[in-house]
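1. Sequence first, predicted model second:
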Amino acid sequence: MTFVDGMYFADNVTFTSTDYFKFRKNASWDVNFGLTPRGTKAGVGSATILVSNANGGEDMMVAAGTYDVYFIPNPGVVWFMADGKKQYDALSERYRIVYNKRQQLRDEIKKLEKQKSNK
């Protein structure tokens, strides 16, 4: 896979109905990403949020086909884009996911601050 601006990508990757796989970070298996339980299928044409090995991520699958694959190790998201979808389709969704994650974190911080002030 090629790495550019925080995203790995590979074009025209063919998967069969029996392929199991995971993603690894920095060419090392120390940090890797998959889905739970083993054999769970990733979505096609939309973001799939992955689980790190530290949290039980296992080998995953995707529907048989040929895809352009985009993987962002932080926050651990992958897209399998079928014919006709372009990189910018994945990138625009990436930013929506990052925005939503940031909003969730802000909400959690506010909740914790409120709990702390009530003590």
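-> Good, I have the coordinates.
2. Helices of the protein, start to end?
-> 87-117 (DSSP state H).
3. what residue is smack in the middle of it?
-> residue 77 (1.4 Å; C-alpha atoms, centre = their mean).
4. What is the neighbour count of residue 81?
-> Residue 81 has 20 neighbouring residues, counting by other C-beta atoms under 10 Å. C-beta here means a position set from N, CA and C on the backbone, and glycine is covered the same way.
5. Would you confirm that it contacts residue 66?
-> No: if you go by C-beta atoms under 8 Å, residue 81 and residue 66 don't touch, sitting 10.4 Å apart.
6. related to what we said a few turns ago, how about the residue nearest to the centre of the chain: what's its closest non-neighbour residue?
-> Closest residue in space to residue 77, ignoring its immediate chain neighbours: residue 47 at 5.1 Å, by C-beta to C-beta, 6 or more residues apart in numbering.
7. Please name the bridge partners of that neighbour.
-> residue 79 (DSSP bridges).
8. wait, doesn't it sit right on residue 76?
-> No: under the criterion of C-beta under 8 Å, residue 47 is not in contact with residue 76, lying 10.4 Å apart.
9. who touches residue 22 in this structure?
-> Shown in contact with residue 22 (C-beta atoms under 8 Å, 6 or more residues apart in numbering): 32-34, 53, 57-60.
10. ok, and the closest non-adjacent residue to it?
-> That would be residue 34: by C-beta to C-beta, 6+ apart, it lies 4.3 Å from residue 22.
11. And that neighbour, how close does it get to residue 111?
-> According to C-beta to C-beta, to the nearest Å, residue 34 and residue 111 sit 30 Å apart.
12. So for these two, which residue has more residues nearby?
-> residue 34 (27 against 10).
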